[in-house]
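In: My questions concern the predicted model and sequence given below.
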Amino acid sequence: MSETTDIADIALSPAAAARVALIAGKQGKPAMLRLSVEGGGCAGFQYKFGLADAAGEGDIVVQTDGVRLVVDDVSLDLVRGSVVDFVESLGGAAFQVRNPQAASGCGCGTSFSI
């Protein structure tokens, strides 16, 4: 069973929620973004994003504007206190994690170390 967590653990920005809702709507899927952390990338850990159909056992779920962000409990330890945002710039558009635990990151913004 999934658990709804305190907003202080992790948050989904309104911009990210709107983008997830748009993408999910085009694909006919639930408005649910899964964030996980995997080993790898140029700095040691990397963020992985994808649409989810449902929350799984041990998942943490937060909601913003009706859109759910799902994070497994192991990944949550590495992103606790973070905000998942969607940023558009001249260089492109992407989901980004503002992670206060990250000691360093890389230029691409998808890899970090603790």
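Out: Here it is on my side, so go on.
In: Let me know the outermost residue of the protein.
Out: No residue in the chain sits farther from the centre than residue 90, which is 22.1 Å out by CA atoms, centre = their mean.
In: Ramachandran angles for that one?
Out: With angles defined as degrees, to the nearest 10, residue 90 sits at phi -60, psi -30.
In: same question, residue 32
Out: phi -140, psi 120.
In: May I have the helix or strand where residue 76 lies as PDB, with CA atoms only?
Out: Secondary structure from DSSP states H and E places residue 76 in helix 73-79. Only the C-alpha atoms of helix 73-79 are listed here, as PDB (Å, rounded to 0.1, in the frame of the first residue of the first chain):
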ATOM      1  CA  ASP A  73      11.000   4.700  -0.100                       C
ATOM      2  CA  VAL A  74      14.700   4.000  -1.000                       C
ATOM      3  CA  SER A  75      14.900   6.900  -3.400                       C
ATOM      4  CA  LEU A  76      13.100   9.200  -1.000                       C
ATOM      5  CA  ASP A  77      16.100   8.900   1.400                       C
ATOM      6  CA  LEU A  78      18.200  10.500  -1.400                       C
ATOM      7  CA  VAL A  79      15.800  13.200  -2.400                       C
END
